[in-house]
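>>> The following block contains a protein sequence and its predicted model.
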Amino acid sequence: MTTELEQQIAAAQEAVTKQGDTVRSLKASAKEGKAEKASRSEVDAAIQKLAELKLTLESKQKEFEKATGKVSSQSKEALRAALAGVLERRMFYIPSFKIYGSVAGFYDYGPPGCAIKQNMTQVWRTHFVLEENMLEVECPAVTPEVVLKASGHVDRFTDFMVTDVVTGECFRADHLLEGHLEALLEDKKNPVSPEKAKEIRDLLAGVGELKADTMEAALTEYDVRAPGTGNGISPPFAFNLMFKTSIGPKGDMVGYLRPETAQGIFVNFRDLLYYNGGKLPFAAAQIGNSYRNEISPRAGLLRVREFTQAEIEHFVNGDDKRHPKFSLVADLRPLLYSRELQMGEEKKAQPMSLGEAVSRGIIANETLAYFIGRTWLFFCKIGVNPARMRFRQHLQHEMAHYATDCWDGEVETTYGWVECVGLADRSAYDLKAHSAMSKIDLTAFEKFPEPRMEEVVKVVPNNKELGAVFKKDQKAVKEALEALDSSAAMDVKAKLEAGQTATVSNCDGQTFEIKAGMVEIKKVTEKVTGKTYTPSVIEPSFGIGRIMYCMFEHCYYTREGDETRAVMGFKPVVAPTKATVFPLVQKPALNDLAAKLSRELTAAGLSNLIDTTGNTIGKRYARTDEIGVPFAVTVDFQSVEGDGSVTLRERDSMTQVRVPASEVAGVVRDLVDDRTTWEAVSSKYPAQKASADEE
């Protein structure tokens with residue numbers, strides 16, 4: 001019966017996930033203007049069905065707990081709580097400033113957490129920067145306002161916030177409204193009418209799209225109050241998520257802690273291009289901390305106010321986004337969740353070769369697909385389960401207006417599918433924005449093999465006419481006209497020839513009315529030796545903390561038959577400690593050999609621990625299993641009185657072999673570097689049977 005209930009719980013969970021995707025796709029259809037009149041009722045029915053499926057899942061979980069007295073292994077909350085206990089007790093990470101009550105959204109990494117984070121970023125650096133010949137930079141976290149004004153963060157990096165009118169506590173408005181509406185729908189003591197329930201579900205479907213006035217109206221209509229106190233709340237207002245500061249002793253230069261590392265790369269493009277010999281394509285990378293003043297941080301490492309990013313900006317000619325190494329990943333088959341699959345009936349990601357995805361136009365180009373493949377390989381390398389990772393394509397309404405194609409690398413956890421990587425073809429937007437604001441040319445030049453005749457558009461401002469009309473703004477108008485690309489220039493020409501006025505704008509947002517006679521725009525045929533263009537950018541952006549948490553969940557398990565014995569099954573390459581060294585008992589000869597082996601492991605670049613406590617070997621194994629140490633070396637009497645061999649134990653299989661002491665460091669080094677496998681080691685060296693008190 002227990003097994004049957006577990007299967008029913010798993011089936012109910014899968015049904016909830018699928019129905020959630022159905023609701024999402026119906027909302028997307030409405031936002032993209034594809035909805036028929038019946039779509040509102042379809043969304044309403046889909047949300048109602050999702051609520052029913054969630055109740056079924058909850059009922060099955062309660063039935064299991066009643067029958068067994070235990071929490072189901074399918075229970076996300078139980079797994080999350082058990083893992084959190086291990087992570088905090090063994091100090092992988094803990095809330096910051098604990099002795100002062102902590103501050104939400106900040107975490108300190110303890111010794112194993114620091115080691116894992118450093119190991120992971122080093123794997124990332126080797127996998128991307130080294131293997132792809134990227135140009136790594138390190139830029140300041142404090143960024144002048146003008147940089148983030150150009151990128152759009154100053155004006156648009158906001159969420160709506162409300163405050164408790166009595167205590168002043170802050171809340172994110174959309175989360176508060178969603179929680180209140182869901183509580184109304186689930187209230188069995190005071191159920192709302194069917195008509196009101198339909199109205200609430202309709203509002204829930206579009207909470208994320210509400211503007212300030214409609215958000216305020218909804219909060220007022222439903223009498224939403226501050227959680228905990230029941231006090232009234234303020235009208236919603238836009239809250240910029242950046243940490244603002246001042247630069248210099250006068251405090252007259254405004255700055256912000258960077259919300260992403262990418263802008264430091266964009267503003268250095270010209271120097272990086274020169275460093276690279278003027279050649280494109282090339283990629284620049286940066287690993288560093290970013291800062292976002294989240295209104296209500298939650299879910300541990302998944303939503304914090306200070307976090308580490310690893311970002312790549314791959315600069316490429318927008319007319320040629322092929323990748324010379326694409327053939328190396330073309331046959332990889334990661335789970336792809338395309339727009340078509342999201343909007344279809346099955347609502348499930350499917351494995352597909354990247355070569356097929358590009359040839360069918362599902363992924364926009366080879367370069368974007370290449371980085372999807374390399375990202376998938378990176379996740380496999382660090383221990384994320386590939387069966388629980390997918391690449392989800394942004395639906396059309398989720399895309400920025402300038403983006404060509406965007407995919408999120410998502411990992412399945414107890415919190416659902418968590419976005420860990422964003423991969424976007426951002427076109428030439430970023431360099432054009434910074435070029436316009438800084439008045440610095442951020443273009444590249446492509447030299448043709450042979451000169452050729454081409455038709456080009458010439459824009460020639462009439463300085464005399466512009467000066468007479470615009471006076472002090474003449475220079476700004478001239479720069480706006482000269483910044484027009486060919487298509488925009490021809491649009492201006494067509495309007496002027498039709499007797500109309502044309503509007504042009506500069507990077508400061510000023511607009512100017514242009515009339516006939518102020519500018520001459522013409523097409524001419526010229527002999528050209530090359531072309532100047534603003535490169536497009538393919539951007540993979542990794543959230544290191546999020547990836548770490550997902551890896552923690554995927555690596556955590558308990559020994560069969562003993563749910564109290566937790567194991568962190570880290571891949572050796574990211575494990576915080578590569579090996580432990582145990583003298584079997586406290587004897588000087590055993591301790592001396594253990595110390596010698598520890599020094600040899602350290603000399604081989606392998607982090608290790610010596611455990612000389614009086615606990616049994618089994619208890620020492622259990623303690624190191626809990627922090628994910630993959631290998632354990634035990635020095636026994638045979639090591640000092642016999643053939644000089646020691647036992648080497650592998651964490652997950654718990655099997656042991658006897659290895660000559662002089663070879664241990666080399667064997668562990670090869671295992672950590674994936675130059676050999678445990679199966680190969682087991683076939684080479686004699687097995688050692690574990691004693692009863694060891695396991």
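Received, thanks. Numbers count the residues shown, from 1 in each chain.
>>> can you give me the helices in the stretch 401-550 of the chain?
For the stretch 401-550 of the chain, helices defined by DSSP state H, counting those that start in this stretch occupy the ranges 429-438, 463-470, 474-482, 486-497, 544-555.
>>> Distance to residue 397 and mean pLDDT for those - can I get that in TSV?
Backbone N, C-alpha and C define where each C-beta goes, glycine included. As requested, the helices of the stretch 401-550 of the chain are exported to TSV (distance: least, C-beta to C-beta, whole Å; pLDDT from 0 to 100):
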stretch	distance to residue 397	mean pLDDT
helix 429-438	18	92
helix 463-470	39	89
helix 474-482	31	87
helix 486-497	25	89
helix 544-555	24	97
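>>> Out of those, which one sits most buried?
Mean neighbour counts were compared across the helices of the stretch 401-550 of the chain using mean count of other C-beta atoms under 10 Å; the top stretch is helix 544-555, at a mean of 22.
>>> That one packs against which elements?
Secondary-structure packing of helix 544-555 (3 or more C-beta pairs under 8 Å, 6 or more residues apart in numbering; DSSP states H and E): helix 76-89, helix 111-124, strand 306-316, helix 366-382, strand 405-413, strand 416-425.
>>> Can you list the strands that the following helix or strand past it pairs with?
Along the chain past helix 544-555, the next helix or strand (assigned with DSSP states H and E) turns out to be strand 556-559. According to DSSP bridges, the neighbouring strands of strand 556-559, each with its direction, are strand 562-568 (antiparallel).
>>> Run the chain-centre distance for the strand it pairs with.
Remark: strand 562-568 is offset 29 Å from the chain centroid, using C-alpha atoms, centre = their mean, to the nearest Å.
>>> Would you mind pulling the contact partners of the helix or strand that that strand is followed by?
Scanning forward in sequence from strand 562-568, with DSSP H and E defining helices and strands, the next element found is strand 579-583. If you take C-beta atoms under 8 Å, 6 or more residues apart in numbering as the criterion, strand 579-583 is touched by 590-591, 593-594, 597-598, 601, 606, 608-612, 617, 620, 624, 629-635, 668.
>>> So which of the helices and strands packed on helix 544-555 is nearest residue 526?
Minimum separation from residue 526 across the helices and strands packed on helix 544-555 (C-beta to C-beta) falls at strand 306-316, 25.9 Å.
>>> so after that closest one, what's the next helix or strand?
Moving toward the C-terminus from strand 306-316, the next helix or strand (DSSP H and E) is strand 335-337.
>>> Could you please name the strands that next one pairs with and the direction of each pair?
Determined by DSSP bridges, the sheet partners of strand 335-337 are strand 350-351 (antiparallel), strand 389-393 (parallel).
>>> where does this protein have low pLDDT?
Scanning the chain for pLDDT under 70 picks out 1-10, 13-14, 18, 21, 23-41, 43-44, 58-75, 205, 507-509, 691-695.
>>> Any chance of the helices of the stretch 401-550 of the chain in TSV with distance to residue 311 as columns?
Formatted as TSV, the entries for the helices of the stretch 401-550 of the chain read as follows, by distance: least, C-beta to C-beta, whole Å:
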stretch	distance to residue 311
helix 429-438	12
helix 463-470	41
helix 474-482	31
helix 486-497	31
helix 544-555	11
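>>> closest one to residue 456 among these?
From the helices of the stretch 401-550 of the chain, taking C-beta to C-beta, the stretch that ends up closest is helix 486-497, at 7.6 Å.
>>> Give me the residues contacting the closest one.
By C-beta under 8 Å, 6+ apart, the surrounding residues in contact with helix 486-497 are 456-457, 459, 481, 484, 501-502, 504, 514-516, 519, 521-522.
>>> my read: residue 688 touches residue 659, true?
No. Residue 688 is beyond contact range of residue 659, at 9.4 Å (criterion: C-beta atoms under 8 Å).
>>> Same list, the strands paired with strand 335-337, but as JSON lines with mean neighbour count please.
Output for these, formatted as JSON lines (neighbours: other C-beta atoms under 10 Å):
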{"stretch": "strand 350-351", "mean neighbour count": "12"}
{"stretch": "strand 389-393", "mean neighbour count": "23"}
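>>> got JSON lines for the ones you listed, with distance to residue 304 too?
Putting the strands paired with strand 335-337 into JSON lines (distance: least, C-beta to C-beta, whole Å) gives the following:
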{"stretch": "strand 350-351", "distance to residue 304": "32"}
{"stretch": "strand 389-393", "distance to residue 304": "22"}
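>>> Show me what residue 502 is bridged to.
Residue 502 forms beta bridges with residue 514, as assigned by DSSP bridges.
>>> Is it correct that it is in contact with residue 514?
Yes. Judged on C-beta under 8 Å, residue 502 makes contact with residue 514 at a distance of 4.7 Å.
>>> thinking again about what came up before, of all the helices of the stretch 401-550 of the chain, which one is nearest residue 226?
Proximity to residue 226, assessed across the helices of the stretch 401-550 of the chain by C-beta to C-beta, is greatest for helix 544-555 (29.4 Å).
>>> between the closest one and strand 562-568, how big is the angle?
Taking axes from the mean of the first three to the mean of the last three C-alpha atoms, to 10 degrees, one finds that helix 544-555 is oriented at 140 degrees with respect to strand 562-568.
>>> quick one, helix 544-555 and helix 76-89 angle?
Between the axes of helix 544-555 and helix 76-89, defined by the same axes, to 10 degrees, the angle is 110 degrees.
>>> now helix 544-555, how far from the chain's geometric center?
Per C-alpha atoms, centre = their mean, the displacement of helix 544-555 from the mean C-alpha position of its chain is 11 Å.
>>> For the stretch 151-300 of the chain, which segments are assigned as helices?
For the stretch 151-300 of the chain, the helices defined by DSSP H, counting those that start in this stretch cover 153-156, 173-186, 194-205, 212-221, 262-267, 269-275.
>>> Now find how far off-centre the fifth one is within its chain.
The gap between the average C-alpha position of helix 262-267 and the chain average comes to 18 Å, counting by C-alpha atoms, centre = their mean.
>>> Over to the first one?
Averaged C-alpha coordinates place helix 153-156 at 21 Å from its chain's average position (C-alpha atoms, centre = their mean).
>>> which helices and strands sit right next to it?
Using 3+ C-beta pairs under 8 Å, 6+ apart as the contact criterion, the secondary-structure elements in contact with helix 153-156 are helix 145-151.
>>> List the buried residues for the helix it packs on?
By neighbour count, and taking 16 or more other C-beta atoms under 10 Å as the criterion, the buried residues in helix 145-151 are 145, 147-151.
>>> Now do it: which elements does it pack against?
Under the contact criterion of 3+ C-beta pairs under 8 Å, 6+ apart, the helices and strands touching helix 145-151 comprise helix 153-156, strand 253-257, helix 262-267, helix 429-438.
>>> count of residues packed around the nearest residue to residue 86 once chain neighbours are set aside?
With C-beta to C-beta, 6 or more residues apart in numbering as the measure, residue 566 is the residue that lies nearest to residue 86, at 5.1 Å, once sequence neighbours are left out. Around residue 566 there are 20 other residues, counting by other C-beta atoms under 10 Å.
>>> what does residue 387 give?
10.
>>> Is the residue nearest to it when sequence neighbours are not counted bridged to anything, and to what?
When the adjacent residues along the chain are set aside, residue 387 lies closest to residue 335, with 7.8 Å between them (C-beta to C-beta, 6+ apart). Residues in a beta bridge with residue 335, per DSSP bridges, are residue 351.
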